[in-house]
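Engineer: based on what follows, work out the 3D shape:
(2 chains)
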Amino acid sequence: MKEPVLELRQVVKRFPGVLANDHIDLGLGKGEILAILGENGAGKTTLMNILYGLLTPDSGTIRVRGEPVRFTSPADAINLGIGMVHQHFMLVPVMTVTENVMLGREEVRNRYFLDRAKAAAQIRTISEKYGLAVDPDALIQDLPVGIQQRVEIIKLLYRQADILILDEPTAVLTPQEVKELFVILKSLAAAGHSLIFITHKLKEALELADRITVLRRGRVVGTVLPAEASEAKLAEMMVGREVELVVDKAPAQPAEPVLQVEDLWVAGEQGRPVVRGVSLTVRAGEIVGIAGVQGNGQTELMEALVGLRAPLSGKISFLGQDVTGYPPRKRIEMGVGYVPEDRQRDGLILPFSIEDNLVLNTYYQPPAAQRGWLNRQTIRERAEKMSEMFDIRAGSVLAPVSSLSGGNQQKVIMARELSRPIRVLLALQPTRGLDVGSIEYIHQRIVQARDAGCAVLFVSTELDEILALADRILVFFRGKAVGELLAAEADREKLGLLMAGAGVAA
Amino acid sequence: MSVEPQGKQEQQWVVEMLSRSAVPLLAVLTGLLLGAVIVIVTDQKVIDAWAQVTSSPGALFAAMWASISQAYQALFAGALGSPYAISESLVAATPYVFAGLAVALGFRAGLFNIGAEGQLFMGALASVWVGYAFSGIPPVLHVTLAVLAGALAGGVWAAIPGYLKARTGAHEVVNTIMLNYIAFRLSDWLINGPMKRPGWVPITPEIHPSAYLPRLFAEPLRLHTGFLLALAVAVGVYWLLFRSTLGFEMRSVGANPQAARVAGINVGRTFVITMALSGALAGLAGASQVLGVDHWLGQGFSAGYGFDSIALALLGKSHPAGVVAAALLFGVLRSGATRMQSAAGIPIDIITVIQALVIAFVAAEALVRGLYRLRSQGKASAELFTRGWGR
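Structural biologist: Down below sits the predicted model:
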C-alpha cells in the first residue's frame, strides 16, 4: 500500500444483539481503489456509515492522512474531504445539474444572489478533467441513471473530496454504463483520488480494484490482490463455504403452454405506452428470462400479467382461458405466483409477523381460515413448517418481517408463492440485493419449481443471472421483445448488444 | 424452529403490554403534573401569597399545596369518590368507548375518520326516531331496533366518504368533515322541524320506555346497559381486527395498501367496509347516549364526543383495550371536572387543557420517551397514525 490516507484500527460497532463491526482493520492508500466485498448483513453499510460520520464507533480509531479523527456528523467527514455516493441518489429531480451540485455549498455574488454561471464553469472543468460528460444545464429528471450517478460524483469533486466512497454503484447501471463508470473511476484514482468501492459482485471487484477486502459477519476475513484471487475464492471467503456459481439444472422439458400473451400494450406511470406490442408464450417446465436494462417495460409487463395494471390492448391467456380483465385475486386463485420487484413495498407487510406474511394471499381460504375466522393455530404450524423448508432464519415466526435480512425476506415471499399450487411463477429481479448464498438458494428453488412442471417467467437486469437460470431468453428494449435466443446460444456480448438496442432498425 | 414454553410467552406478553402502555400512562402523568402547575398559577390565593413571598415564603407553599390538593381531591371525589360518582364516570365513558373504537378501527385500516361526530349525530337521530315514533313494540325488541337503527345510520353516513375514496380517491378527511357540517345542520333542522315535540322548545319527543337502554341500578345511579354493550363491542372489535379475515384485510390495507393490493385484497372495498363499520360504532355512541341517558335529543347534545374520540384512539394506540382504558380516563376526567368546579372553584376548562396536554404528549411520543429516558422501540406505531395524510 502506498501512503495511507485512511486507516481504521480495531473499529467496533454494536447494535442490540448484533456485533455489526467486529474489530475492523482497514487501510486505503493514496490513489488506490479498494473494493469492500461482502454479503448483505456482513457489515458493509455499517462500516460506510461510520466512515461517513452517520454512526460513531463504540471503540477503535480512525485516522485520516495520519491524524486521528472523530466524526460526529457527515459534515465532519465532508470537511476532511470524504465524500459518498449513495446507492439511492440524493438529487432533486426538478433542478438542474448545476443547482444540484451547488446545493449546500452555493456560489453567491453580492451576498444574496446565486452565481450559477460560476458553478457551471467549475462543473465543466471538473467534467472535462475526468471524462464525466455532463451538461450543467440539464434537468436531473431528464437524465438517464448513469448520468445522474456522474452528477453525484461531480458533487463530491466540487466539494473537493479526495476520498470517495461508492455504495453499490453499479446496481442501477447497464453493462455499458458500468464500463464507462469504471473508466471514470480509474481516471479519478490516477489523478490521486482514493476510492472505496462497496459491492457484492465478484466480477466487478476483480476488474476494478487494486485490493479487495472481504467482510463476513462483521469481520475482515482477508485482503487479497485481484491477481491472486478468483471468483470462486472470493465467493468462498464471502460465504464461508464453497459456493456453486452456476445453477445446477437439467435441460428443460417444455410441455403445454401455460401463459400466452398476444400483442400486449401497457401504459407506464406517465400514461405513455411502455410495453408496446409484446407477444410471448411460456410453457410448463421451462424458465423464460427477460433480459434488458431497467425501465424498458419489463416491470409494467409483469404488473399487467398479474392484474395490477390494466393493459391498453392485447390479450393475456392463462391455461387457455382469457384472463385479461381479471382482478389480481382471481389470477392468484387460478395459480399465478408473483415475486415483485420491490419486496418491501409490494411483497411484504413489514410490521406484520412472518406467519401473517406467509398467508398474505391465502389468509381467507381453508386451512388458514374458516367462515371468515382465522385459524391461528394452523397458520402458525404451517408457518413453522414453511420457514424450516425454506430456511428462513428468524427467532420465531412471530417476529416482524422488518427484522429479517433482505435474503430472508425474499425467502418468505418465495415460500409463500411456491407452497401454493401455482402453475406459473412470475418473478421480477428475484435475487436483487441478495447475497451469494441466498441467490444460490433462490435459484435452486426456481429450478425445482420448473422441474415440478411450473412455468417460470422472470425478469433480471443481471446478465449472469439470465445466463445461469433461463432456458430461453427474451431481450427487451423500449417496450418490445427485440430478440429471442435459447440459453445455449446466448453469451454476454450478444445479450449486451441486444439490450442496447443493436438488434432494432432505427 | 422451537416453540417457546407457555409460561415464557405469557411473561413476554405482560412485558409487551406494559411497554406499550408506558408512553400513554406517562403522558397522563405528565398531563396531570402540568395541569397542577396551571391550577397553581391561576389560583388567586396563590397569587396573593406570591405578593408576600419575601415576608412569609411558607404561606406561598401552603397556598400552592392547598390549591392543588383541593383541586385534585375534588376531581377524585367527583369521579370515583362514591357509587354515584363512579356511575357518572362510567356513564360519561360509554359514548367515549364507542366513538373511540370507531376512530381506532379506521386508523387500523389507514383511514382518518374525522367524521365520528357527524356519524354520532346521525345515529342519535335515527335511534331517537325509532324510540318515539313506534309504540307497542315489546321492550327488548324495541330497544334492539333503536340501537340497530343508530348503528345503521352512522354506518351509512360514514360509508359515503369511504365510497368516494374508493371510487375517486377523494380524501376521507375532507369528506368526513364536510359530512359533519351536513349532519349538524340536518339535525338542527329535524329537531326544529319534523322531529320537534309540540311546544316551544326545539327538542324531540321523549322516547317510549320500551326503547330505554335499561338502567343497571336503582335511581339515582344512571349507569345503563349501554356500558356493558360498549365493553362487549370492544371485545368484538378486538376479535374482528385480530381474528377475522376481514380484520386481516383492514390491517393489511392500513399497514401497506400496495402490498395488500398485490396480494389480491380489494383495497377500495376494504375502505368502504371499514368506514361503514367505523360509522356504525360512532352511531352506537349516539344511540347509547339518547337511549340510555337523555331519552330525547336536543341541539348540540354531544359535547364533542366524536372529536374527543380522535384523541382517545391515539391515546389508546388504536387497540380496543387501550381505547377502553382511555375512554374510562376521559369519563373520569369529565365527570370529576364538574365536581372540581363546584367544590374547588376550578374551571372545567382546566380539564380540557389537561386532556389536550395528555394527547399532545402521546402524539409527541419522542418527547415523553426523552423526558423519562425510555428506550425507543422504532416507529411502527407512529407510521400508522400519519398514514391518513397526503397519500
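Engineer: give the contact list for the residue in the stretch 201-350 of chain A positioned nearest to chain B.
Structural biologist: Residue of the stretch 201-350 of chain A nearest chain B, by C-beta to the nearest C-beta: residue A:329 (3.3 Å). Any C-beta I mention is one placed from the backbone N, CA and C, and that applies to glycine too. Neighbour list for residue A:329: A:361, B:264, B:265, B:266 [criterion: C-beta atoms under 8 Å, 6 or more residues apart in numbering or on different chains].
Engineer: the first one and residue B:80, how far apart?
Structural biologist: So that's residue A:361. Between residue A:361 and residue B:80 the distance is 50 Å, computed by C-beta to C-beta, to the nearest Å.
Engineer: the third one now?
Structural biologist: Look at residue B:265 and residue B:80: by C-beta to C-beta, they are 45 Å apart.
Engineer: tell me which of those two has more neighbours.
Structural biologist: Applying other C-beta atoms under 10 Å in any protein chain shown to residue B:265 and residue B:80 shows that residue B:265 carries more neighbours, namely 23 against 15.
Engineer: SS state for the more buried one?
Structural biologist: Secondary structure assignment for residue B:265 (DSSP: H, G, I helix; E, B strand; the rest coil): coil.
Engineer: worst-scoring helix or strand of chain A, pLDDT-wise?
Structural biologist: Within chain A, no helix or strand scores below strand A:108-109, which has a mean of 78 by mean pLDDT, DSSP states H and E.
Engineer: show me the shaky parts of the stretch 1-150 of chain B.
Structural biologist: For the stretch 1-150 of chain B, the stretches with pLDDT under 70 are B:1-13.
Engineer: could you list every residue that touches the closest residue to residue A:71 other than its chain neighbours?
Structural biologist: Nearest non-adjacent residue to residue A:71, counting by C-beta to C-beta, 6 or more residues apart in numbering or on different chains: residue A:53, 3.4 Å away. Taking C-beta under 8 Å, 6+ apart, we find residue A:53 in contact with A:71, A:72, A:73, A:74, A:75, A:76, A:77.
Engineer: excluding chain neighbours, what is closest to the fifth one?
Structural biologist: Going back to what we said before, that points to residue A:75. Using C-beta to C-beta, 6+ apart and skipping residues adjacent in sequence, the residue nearest residue A:75 is residue A:53, 7.2 Å away.
Engineer: enumerate every residue touching residue B:63.
Structural biologist: Neighbouring residues of residue B:63 by C-beta under 8 Å, 6+ apart: B:43, B:45, B:46, B:48, B:49.
Engineer: do that again at 6 Å, thanks
Structural biologist: B:45, B:46, B:49 (C-beta atoms under 6 Å, 6 or more residues apart in numbering or on different chains).
Engineer: how does chain A divide into domains?
Structural biologist: Using automatic domain parsing, the domain ranges for chain A come out as A:4-239, A:244-335+A:421-506, A:349-419.
Engineer: nearest to residue B:220, out of those?
Structural biologist: domain A:349-419 (43.0 Å; C-beta to C-beta).
Engineer: now that closest one, how far from the centre of its chain.
Structural biologist: 24 Å (C-alpha atoms, centre = their mean, to the nearest Å).
Engineer: does chain B sit close to it?
Structural biologist: Yes - counting by C-beta under 6 Å from any C-beta of the partner chain, chain B is contacted by domain A:349-419 at A:349, A:351, A:360, A:361, A:363, A:364, A:369, A:372, A:373, A:374, A:384, A:388.
Engineer: now, which of those residues lie within helices?
Structural biologist: Secondary structure defined by DSSP state H assigns A:384, A:388 of these to helices.
Engineer: and which of the residues of domain A:349-419 next to chain B is nearest to residue B:28?
Structural biologist: Nearest member of the residues of domain A:349-419 next to chain B to residue B:28, counting by C-beta to C-beta, is residue A:351, at 25.7 Å.
Engineer: burial count for that closest one?
Structural biologist: 19.
Engineer: kindly report the same for residue A:276.
Structural biologist: Residues near residue A:276, counting by other C-beta under 10 Å, number 15.
Engineer: so it is in contact with residue A:479, correct?
Structural biologist: Yes - with contact defined as C-beta atoms under 6 Å, residue A:276 reaches residue A:479; the gap is 3.8 Å.
Engineer: what packs against the longest helix belonging to chain B?
Structural biologist: In chain B, assigned by DSSP H, the helix with the most residues is helix B:6-42. With contacts taken as 3 or more C-beta pairs under 6 Å, 6 or more residues apart in numbering or on different chains; DSSP states H and E, helix B:6-42 sits against helix B:57-80, helix B:349-363, helix B:365-371.
Engineer: for that helix, which positions count as buried?
Structural biologist: If you call a residue buried by 16 or more other C-beta atoms under 10 Å in any protein chain shown, then helix B:6-42 has these buried ones: B:20-21, B:23-24, B:26-28, B:30-32, B:34-36, B:38-40.
Engineer: what do you get for stretch A:53-69?
Structural biologist: Neighbour counts over stretch A:53-69 (16+ other C-beta under 10 Å) mark A:53, A:54, A:55, A:57, A:60, A:62, A:64, A:69 as buried.
Engineer: and if you look at stretch B:208-226?
Structural biologist: For stretch B:208-226, by 16+ other C-beta under 10 Å, it's B:208, B:210-213, B:215-216, B:221-226.
Engineer: how about stretch A:260-272?
Structural biologist: Neighbour counts over stretch A:260-272 (16+ other C-beta under 10 Å) mark A:260, A:261, A:262, A:264, A:265, A:266, A:267, A:268 as buried.
Engineer: OK, now which residue of chain B is nearest to chain A?
Structural biologist: Using C-beta to the nearest C-beta, the closest approach of chain B to chain A is made by residue B:264 at 3.3 Å.
Engineer: and the pLDDT at that residue?
Structural biologist: Listed pLDDT for residue B:264 reads 95.
Engineer: do residue B:354 as well
Structural biologist: On pLDDT, residue B:354 comes in at 85.
Engineer: how about the contacts made by it?
Structural biologist: Contact analysis of residue B:354 by C-beta under 6 Å, 6+ apart lists B:31, B:35.
Engineer: how close does it get to residue B:348?
Structural biologist: In this view, residue B:354 and residue B:348 are 11 Å apart by C-beta to C-beta.
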